[in-house]
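Chemist: would you be able to build a 3D model of this:
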Amino acid sequence: MTALSEDTAERDVAPARTVDVDHDATAGRATGSWRRALVYGVLPALALLSALGAGYLKWQSGIAHQSTLARTQSVRAATEGAIAMLSYTPDTAEKDLGAARDRLTGAFRDSYSALVHDVVIPGALQKGVSAVATVPAAASVSATENRAVVIVFVDQTTTIGSQPPTDTASSVKVTLDRVDSRWLISDFTPV
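Modeler: Numbers count the residues shown, from 1 in each chain. I've put the predicted structure just below:
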């Protein structure tokens, strides 16, 4: 046999390769359907979940910011309100305590007004009572968008006529309500 006939013989003897047309088509369809499921199902779902997660975190950040802002503003309002309510001189008691009334709301405003009108102003005028209040410390107990509770530590120096001044330290739980964008005192309870 010649070399040419050996090559031909080997080609004739070599096993024939069979091609399963149905198997190749099914494999192509399976790969395509997984690709479609990934592109049209999984990736959009992941994008949606990412957007929802980012939105939730932004919402929580906004709530935390509002809470921090409410705490800061309510502590300032409670501090300034306590000083205004507890500081006066005989000459300016009516004006000073009247201005303090503008920092109050609800039933507390009414009871404070009655006390000031019936007791404090007449006493300040008759006995020469003057008082100076300071707030060395105040802290937020709780705060929401429309309601806050603050603990206020008050030092008050009171002078009656020509007597020596007396110093009093106290702590007060101040409840505030947001009314028309202002924090107003709705309760003032010594603790």
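
Chemist: in terms of helices and strands, where is the residue nearest the centre of the chain?
Modeler: Residue closest to the average C-alpha location in the chain (C-alpha atoms, centre = their mean): residue 67, at 1.9 Å. Per DSSP states H and E, residue 67 falls inside helix 43-86.

Chemist: and the helix or strand that that helix is followed by, what other elements does it pack with?
Modeler: As assigned by DSSP H and E, the chain's next helix or strand after helix 43-86 is helix 93-101. Counting contacts by 3 or more C-beta pairs under 8 Å, 6 or more residues apart in numbering; DSSP states H and E, helix 93-101 packs against helix 43-86, helix 106-115, helix 121-127. From N, CA and C alone the C-beta is placed, and that goes for glycine too.

Chemist: quick one: residues contacting the nearest residue to residue 116 once chain neighbours are set aside.
Modeler: Counting by C-beta to C-beta, 6 or more residues apart in numbering, residue 116 lies nearest to residue 97, which is 4.6 Å off, once chain neighbours are set aside. Neighbour list for residue 97: 85, 88, 116, 120, 121 [criterion: C-beta atoms under 8 Å, 6 or more residues apart in numbering].

Chemist: partners of whichever helix or strand residue 168 is part of, with directions?
Modeler: Residue 168 is located in strand 166-179, with elements delineated by DSSP H and E. For strand 166-179, the paired strands and their directions (DSSP bridges) are strand 147-160 (antiparallel), strand 182-190 (antiparallel).

Chemist: what is the mean pLDDT for the shortest one?
Modeler: So that's strand 182-190. Mean per-residue pLDDT for strand 182-190: 97.

Chemist: cool, and the first one?
Modeler: The average pLDDT within strand 147-160 is 97.

Chemist: and it with helix 43-86, angle?
Modeler: Counting by axes from the mean of the first three to the mean of the last three C-alpha atoms, to 10 degrees, strand 147-160 points 20 degrees away from the direction of helix 43-86.

Chemist: the last one too?
Modeler: With the same axes, to 10 degrees as the basis, strand 182-190 and helix 43-86 are set at 60 degrees to each other.
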